[in-house]
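J.: one predicted model, sequence on top.
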Amino acid sequence: MTILYIEDNSSDFELLDLSLRKSKVKYKLLRAETKDQVKESLKTNLDLVLSDYNLNSFTGRDALKIVREYDPLLPFICISGTVGEEQAVELLHEGADDFLLKKNVKKLPIIIEKALANRKLQKEKVSFQKELIHKNNILDSILNSFEDIIFFKDGEGKYLRANASYCKFLGIKEDAILGKRDQDIFDENALDKTEETDKYVTQNKKSLTYEWVFPDEEGETKILEITKNPVIDGNDKVGIVGFCRDITEKKQMEMQSAKNQQILNQAEKLTSSASFEYDTEMDIMNCSPHMLKMMSIKSPNKQISSMRFLKLIYKDDIAIFKEEFEKVLETKTSCTIEHRFVPFGTDEIRYGRTSISADYNDTERDIFYGTIIDTTQDHELNRSLMSVQENERNTIASELHDNLGQKLSACTIFLDSLSEKYPEDQELIKVSKMTNDSLQEIRSMSSTLSLNSVKEFGLANSIKQLQTQIPLAVGFDLNISLIEERISEFISSQTFRIVQEGISNIQKHSKAKNIGVELRQDQSIIHLKIKDDGVGFDTISGRKGNGLRNIEQRVKKCNGLLHIDSVPDAGTLIDIKLPIS
């Protein structure tokens, strides 16, 4: 070690050096006689300072002051032969580590060892205090960074620490909280609850979470969620750390959400509808209670996968439904799909209308919202109306064919006979021609009104017969590829009516020179395209006529999909997909 000895007497310096040599202390001894020399020596790496008390130009007390200004923890031992006990005590009070009479210099190694040990402890204590202060500052910084209220209590219920949020909540500074109990801070209404919960936590050594409802300064109701946890020290004394959060807004939102859910449930019940939220990333459908009931699904968390949902769609409608569903997910657009579904665990086929649209407000996730309306009753009513309409059509067709048609046939025979007798009578020839034309129109009208041809000759042949109603000046391209045995009678009749309505609509409005009909079957789907090269129309702002509305209604009744692509002066394409049954 390096020792500085402040001594102006050479003999005393040599005597101390000799005494240290006889000990086991390994040292390097430096000497200073003046203040300047002391200050210069302190710039070196010293381990200990020894100093005489009575020096020529200054005293040991002056030397101690110089050393302490430089290093408060550098060991300092005063050695003197004349200083009294009172002066020695004063030196110790002013920061000296020990005092030794020169006549007892043999004891110096022991005193040095003791001084070094004490200083080591002091340095460790200072380092520990600095570390503690640093950690406390970090803790304070962390605690005060939370908007939530945080506090600590000891085993006697006294506050040890409270963060800035708690001080702000109480409207007082932390100094006014520390060391206080709840009875020093809260009124009687709050005191009972806080003491009761403190007692539970300390006695049971268990955490506790509860809510505290109270009016604020403006009289508005506030709600705090308070969690208290036990903290056990080495003496088995239980303290408390508490966390409080203002959940007023959360509670209000929960109440509003519950109210909205109640309204939604009531609305769904009244409209025979259901709703869901679909998260594409998680592949989870969060279903409303009415949807679970509608589909006869049991799910404790009200969640199902898209695959499970698709399994509830009727088998012949799955392909069309899945295609449109995946299209919506890919393009983030909206669509409405008519379809059938079979509630889980049943054989009952019901009719539904599902609408799906993307949530454009959520930019982080791909969320879609959907509604399902049970249209079974409407569908059955529409089927009944369609049945009545078809019966009326058949009756009218039968009357035209069997009654009026027969009479006109007899008239044509009679007029033909007269024309042979009077070949020059132009009026008679004119009446004969008008009668024949009327008979042909009645036969055509009868064929149009009746679906007997579809039942007797099949869908493909019936559509081919429609070509006879198209003027020769208009080109007609027909392409049919069907397995008719797999197609239900209802779908066949509606497909025929759609083609019939489409061709009629083109002839009335499009001024087309060419008409094309493509009808093909792809497993469980019928794909129908009707196109022309006529005047077209604006599908966005243009109004749909009765013909297109009729087609649209028939497609819906078949649980199919309809897409119309038309541009003014560029023709029209009607693209339809229907299930085979």
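T.: Done, it's in.

J.: can you pull up the most central residue in the protein?
T.: The residue lying closest to the centre of the chain (Cα atoms, centre = their mean) is residue 365, at 6.3 Å.

J.: assess the claim that that residue and residue 284 are in contact.
T.: No: Residue 365 lies out of contact with residue 284 (Cβ atoms under 8 Å); the separation is 11.1 Å. For the C-beta atoms, the positions are set from N, CA and C on the backbone; glycine is no exception.

J.: Three-state assignment for residue 115, please.
T.: helix (DSSP: H, G, I helix; E, B strand; the rest coil).

J.: could you confirm residue 258 falls within a strand?
T.: No: assigned with three-state DSSP, residue 258 falls outside any strand and is helix.

J.: what ranges do the helices span in the stretch 51-200 of the chain?
T.: 60-70, 85-93, 108-145, 164-170, 188-204 (DSSP state H, counting those that start in this stretch).

J.: dump those helices into CSV; add mean pLDDT and distance to residue 10 as well.
T.: Output for the helices of the stretch 51-200 of the chain, formatted as CSV (pLDDT from 0 to 100; distance: least, Cβ to Cβ, whole Å):
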stretch, mean pLDDT, distance to residue 10
helix 60-70, 88, 18
helix 85-93, 81, 24
helix 108-145, 79, 18
helix 164-170, 81, 65
helix 188-204, 83, 71
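
J.: which of those sits closest to residue 21?
T.: helix 108-145 (10.6 Å; Cβ to Cβ).

J.: distance between stretch 187-207 and the chain's centre?
T.: Distance, stretch centre to chain centre, for stretch 187-207: 37 Å (Cα atoms, centre = their mean, to the nearest Å).

J.: how about residues contacting it?
T.: 153, 155, 157, 182-183, 186, 208, 210, 212, 214, 226-230, 232, 238, 240 (Cβ atoms under 8 Å, 6 or more residues apart in numbering).

J.: cool, and stretch 7-27?
T.: With Cβ under 8 Å, 6+ apart, stretch 7-27 has contacts from 1-3, 5, 29, 31, 33, 50-52, 55-56, 79, 102, 105-106, 108-109, 112.

J.: give the buried residues for that stretch.
T.: Buried residues in stretch 7-27, counted by 16 or more other Cβ atoms under 10 Å: 7-8, 12-13, 16, 19-20, 27.

J.: give me the number of residues near residue 174?
T.: By other Cβ atoms under 10 Å, 17 other residues sit near residue 174.

J.: what separation do you get for it and residue 92?
T.: Distance check for residue 174 against residue 92: by Cβ to Cβ, to the nearest Å, it reads 38 Å.

J.: and if you look at residue 332?
T.: 84 Å.

J.: which SS class is residue 576?
T.: Going by three-state DSSP: residue 576 is strand.

J.: pretty sure it contacts residue 498?
T.: Yes: taking contacts as Cβ under 8 Å, residue 576 lies within contact range of residue 498: 6.7 Å.

J.: overlap in contacts of the two?
T.: 528, 530, 551, 555.

J.: turn those residues into a markdown table, including neighbour count, secondary structure and distance to residue 130.
T.: Below are those laid out as a markdown table (neighbours: other Cβ atoms under 10 Å; DSSP: H, G, I helix; E, B strand; the rest coil; distance: Cβ to Cβ, whole Å):
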| residue | neighbour count | secondary structure | distance to residue 130 |
| --- | --- | --- | --- |
| 528 | 21 | strand | 86 |
| 530 | 23 | strand | 88 |
| 551 | 24 | helix | 87 |
| 555 | 22 | helix | 82 |
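
J.: and which of those is nearest to residue 318?
T.: Out of the shared contacts of residue 576 and residue 498, the member with the shortest distance to residue 318 (by Cβ to Cβ) is residue 555, at 17.7 Å.

J.: what about that closest one, distance to residue 212?
T.: 61 Å.

J.: confidence score at the nearest residue to residue 411 once chain neighbours are set aside?
T.: Spatial nearest neighbour of residue 411, chain neighbours left out: residue 435 (5.1 Å); criterion: Cβ to Cβ, 6 or more residues apart in numbering. pLDDT for residue 435: 70.

J.: hang on, residue 435 in a helix?
T.: Yes: counting by three-state DSSP, residue 435 is part of a helix.

J.: re earlier: and the residue nearest to the centre of the chain, what does it touch?
T.: 279-281.

J.: by neighbour count, which of those wins?
T.: residue 279 (17 neighbours).

J.: quick one: the closest residue to it other than its chain neighbours and residue 521, what's the gap?
T.: Distances taken as Cβ to Cβ, 6+ apart place residue 367 nearest to residue 279, at 5.9 Å, with adjacent residues excluded. Residue 367 is 37 Å from residue 521, where distance means Cβ to Cβ.

J.: and for residue 25?
T.: In terms of Cβ to Cβ, residue 25 sits 109 Å off from residue 521.

J.: just residue 122 next, same as before
T.: Following Cβ to Cβ, the distance that separates residue 122 from residue 521 is 97 Å.

J.: now swap in residue 183 and tell me
T.: 86 Å.

J.: likewise for residue 551?
T.: From residue 551 to residue 521 the distance is 19 Å (Cβ to Cβ).

J.: distance between the ends of stretch 37-50?
T.: Length of stretch 37-50, first residue to last, Cα to Cα, to the nearest Å: 14 Å.

J.: average pLDDT for that stretch?
T.: Mean predicted lDDT for stretch 37-50 stands at 88.

J.: ok now that stretch, how far from the chain's centre?
T.: 68 Å.

J.: buried set for it?
T.: Buried residues in stretch 37-50 (16+ other Cβ under 10 Å): 38, 41-42, 46, 48-50.

J.: got the residues you listed as CSV, with secondary structure and distance to residue 135 columns?
T.: Converted to CSV, the buried residues of stretch 37-50 look like this (DSSP: H, G, I helix; E, B strand; the rest coil; distance: Cβ to Cβ, whole Å):
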residue, secondary structure, distance to residue 135
38, helix, 38
41, helix, 37
42, coil, 32
46, coil, 31
48, strand, 32
49, strand, 33
50, strand, 37
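
J.: in whichever strand in the chain runs longest, what counts as buried?
T.: In the chain, assigned by DSSP state E, the strand with the most residues is strand 221-232. Of all the residues in strand 221-232, those buried under the rule 16+ other Cβ under 10 Å are 222-228, 230-231.

J.: any chance of these in TSV, with distance to residue 129 too?
T.: Shown next, in TSV, are the buried residues of strand 221-232 (distance: Cβ to Cβ, whole Å):
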residue	distance to residue 129
222	41
223	42
224	37
225	37
226	34
227	32
228	31
230	29
231	23
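
J.: including distance to residue 266 and pLDDT, could these go into a markdown table?
T.: Shown next, in a markdown table, are the buried residues of strand 221-232 (distance: Cβ to Cβ, whole Å; pLDDT from 0 to 100):
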| residue | distance to residue 266 | pLDDT |
| --- | --- | --- |
| 222 | 31 | 82 |
| 223 | 27 | 86 |
| 224 | 33 | 84 |
| 225 | 30 | 89 |
| 226 | 35 | 87 |
| 227 | 36 | 91 |
| 228 | 40 | 89 |
| 230 | 46 | 89 |
| 231 | 49 | 84 |
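
J.: of all the helices of the stretch 51-200 of the chain, which lies closest to residue 485?
T.: Across the helices of the stretch 51-200 of the chain, closest to residue 485 is helix 108-145 (Cβ to Cβ), at 75.4 Å.

J.: in the closest one, which residues are buried?
T.: 108-109, 111-112, 115, 119, 143.

J.: same for it, what does it pack against?
T.: helix 10-21, strand 48-52, strand 76-80, strand 98-101, helix 164-170 (3 or more Cβ pairs under 8 Å, 6 or more residues apart in numbering; DSSP states H and E).
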